[in-house]
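*Asks:* only geometry, no sequence info:
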């Protein structure tokens with residue numbers, strides 16, 4: 001069931017959302033860095049007994065990078081689950097863009113906010129996205 005927010009509820013929820021969204025943004029950047037390191041690592045077959053120490057070290061480093069990636073993914077999943085539990089729609093992790101479902105004179109709209117904004121001050125129709133958002137002063 002969709003949770004509908006009024007403006008005060010949406011702004012109040014931002015106190016909990018800001019740190020979650022900032023963490024997700026940072027975790028996304030970390031995941032990209034780790035992925036790039038994994039891609040730059042030359043794959044090494046499982047070291048055989050007597051293999052060079054360099055091959056064994058490269059294999060272990062790759063394993064540790066992949067484990068760290070999984071840890072970051074797990075943290076991100078927890079953040080996304082919490083956002084979902086709050087009834088908020090996550091649109092973009094990189095910019096911290098979220099939407100709150102709202103009812104205005106019987107029609108559903110999205111109250112729109114992203115990291116760095118002081119408060120919810122934008123909205124858009126269900127059929128439009130960020131590019132179609134308008135100031136709340138134009139909401140009728």
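*Replies:* Arrived safely. None of the values given here were measured: they were computed from a predicted structure. Numbers count the residues shown, from 1 in each chain.

*Asks:* from here on, just use CA atoms for contacts and neighbour counts.
*Replies:* Noted.

*Asks:* the strands in this protein, which residues?
*Replies:* All strands of the chain, identified by DSSP state E, fall at 88-92, 97-104, 107-113, 122-125, 134-135.

*Asks:* tabulate those (JSON lines), appending mean neighbour count and distance to residue 24.
*Replies:* Shown next, in JSON lines, are the strands of the chain (neighbours: other Cα atoms under 10 Å; distance: least, Cα to Cα, whole Å):
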{"stretch": "strand 88-92", "mean neighbour count": "17", "distance to residue 24": "10"}
{"stretch": "strand 97-104", "mean neighbour count": "19", "distance to residue 24": "11"}
{"stretch": "strand 107-113", "mean neighbour count": "20", "distance to residue 24": "16"}
{"stretch": "strand 122-125", "mean neighbour count": "21", "distance to residue 24": "22"}
{"stretch": "strand 134-135", "mean neighbour count": "14", "distance to residue 24": "26"}
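
*Asks:* mind putting those in CSV, distance to residue 54 and mean pLDDT included?
*Replies:* Shown next, in CSV, are the strands of the chain (distance: least, Cα to Cα, whole Å; pLDDT from 0 to 100):
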stretch, distance to residue 54, mean pLDDT
strand 88-92, 40, 98
strand 97-104, 44, 97
strand 107-113, 49, 97
strand 122-125, 55, 97
strand 134-135, 58, 96
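
*Asks:* so which of those strands is nearest residue 10?
*Replies:* Residue 10 sits nearest to strand 97-104 of all these, at 6.7 Å, using Cα to Cα.

*Asks:* and the angle for the closest one with strand 107-113?
*Replies:* 150 degrees (axes from the mean of the first three to the mean of the last three Cα atoms, to 10 degrees).

*Asks:* reformat the strands of the chain as TSV; add distance to residue 17.
*Replies:* Conversion of the strands of the chain to TSV gives the following (distance: least, Cα to Cα, whole Å):
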stretch	distance to residue 17
strand 88-92	9
strand 97-104	9
strand 107-113	11
strand 122-125	17
strand 134-135	21
